[in-house]
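Colleague: any chance you can model this:
(one chain, ligands or ions: 1)
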Amino acid sequence: MTARKRILLKITGEAFLDEDGNLSPKTLQAIIAQIKKLENSHQFGIVVGGGNFFRGAKEGNILGMHPSSAHQVGILATTLNGVILKNLLERQNISTTIFCAIECPPAGTPITQQGITSSIKKGNTLVFTGGTGNPFFTTDTNAVLRGLQMQVDEIWKGSKVDGVYDKDPYKHDDAQRYPHLTFKKALNDRLNIMDLASFALAEQYSQVLRVFNIFEPDAVIKATEDPHFGSRITSS
Ligand code: UDP
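Modeller: All right, here's what the predicted structure looks like:
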């Protein structure tokens, strides 16, 4: 059997919600069905966000919290989502290891390189929760970090938009999508589809990033079949 491609998929917390912002399994179930279909050709690590519950910078600010404490709440939010995701994966008979960057034994095992390597060898799907474990980061940076630890072929950010635009496509009708761009451009133009720390880390280690709309039907399968699906961000 040929080696499976290894992918780190970042799923925003918003994938846990429906169009009206209510809790819904619809998008998650669709993603899981695609992971199941791709079982023989692709092994996935999944970094899960927490934005459906809490984002440190936004909600913490509304509540007047100390930023560091607010980010801790965001970190816990990613952990809640991870436990949900692991359960839904296992209900489809996908063997899953859940890791947690903060000490929380009921949620997941601590993240060690040995643990990651051993789960990859077992053929499991890996779910990473708790972000980097540190405040002031986001799960985008964590996606690059865990992707590097897993030595993946590519990191895919499952977003609400279908790629990287020169300006916010929700605010500007004339926004242009980049099929391909370099990290330098993303950093210089401050294209904030992902946070700048994640671009810098990916560039340093020449890691290929793709951004696509995870809410589009069969988005994950399309990404495996078409290298030009979404926007591709590379070093050169
Ligand atoms: N967070 C953090 N450190 C990390 C990852 C996440 O402090 O390493 C916090 C941060 O406040 C963030 C929140 O957790 O806003 C939820 O993560 P994120 O915003 O990335 O979720 P998403 O937008 O992908 O759902």
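Colleague: ignoring the adjacent residues along the chain, who's closest to the spatially most central residue of the chain?
Modeller: When CA atoms, centre = their mean is applied to the chain, the residue found nearest the centroid is residue 10 (1.1 Å). Nearest residue to residue 10 in three dimensions, chain neighbours excluded: residue 143, at 3.8 Å (CB to CB, 6 or more residues apart in numbering). Backbone N, C-alpha and C define where each C-beta goes, glycine included.
Colleague: what number of residues are in the vicinity of the one you found?
Modeller: Counted with other CB atoms under 10 Å, the neighbours of residue 143 add up to 32.
Colleague: doesn't it belong to a helix?
Modeller: Yes: the assignment for residue 143 by DSSP: H, G, I helix; E, B strand; the rest coil puts it in a helix.
Colleague: what about the longest helix belonging to the chain, near the ligand?
Modeller: Criterion DSSP state H: the longest helix present in the chain is helix 67-91. Yes: shown here: helix 67-91 in contact with the ligand (CB under 6 Å from any ligand atom) through 71, 74, 75, 77, 78.
Colleague: mind putting these into JSON lines with pLDDT?
Modeller: Below are the residues of helix 67-91 next to the ligand laid out as JSON lines (pLDDT from 0 to 100):
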{"residue": "71", "pLDDT": "98"}
{"residue": "74", "pLDDT": "98"}
{"residue": "75", "pLDDT": "98"}
{"residue": "77", "pLDDT": "98"}
{"residue": "78", "pLDDT": "98"}
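Colleague: pick the one among those closest to the ligand.
Modeller: Distance to the ligand across these (CB to the nearest ligand atom) is lowest for residue 74, with 2.3 Å.
Colleague: quick one: contacts for that closest one?
Modeller: 50, 53, 54, 55, 56, 59, 60, 131 (CB atoms under 8 Å, 6 or more residues apart in numbering).
Colleague: apart from its chain neighbours, what residue comes closest to the second one?
Modeller: The spatial neighbour of residue 53 that comes closest, neighbours along the chain excluded (CB to CB, 6+ apart), is residue 77 at 3.6 Å.
Colleague: show me which positions of the longest helix of the chain end up buried.
Modeller: For helix 67-91, the neighbour count (16 or more other CB atoms under 10 Å) marks 70-86, 88-89 as buried.
Colleague: now do stretch 219-231
Modeller: For stretch 219-231, a neighbour-count test (16+ other CB under 10 Å) marks 219, 220, 221, 223, 224, 229, 230, 231 as buried.
Colleague: show me the strands in this structure, by range?
Modeller: Remark: strands assigned in the chain by DSSP state E are 5-11, 42-48, 96-100, 109-110, 125-129, 154-159, 164-165, 177-178, 180-182, 209-213, 231-234.
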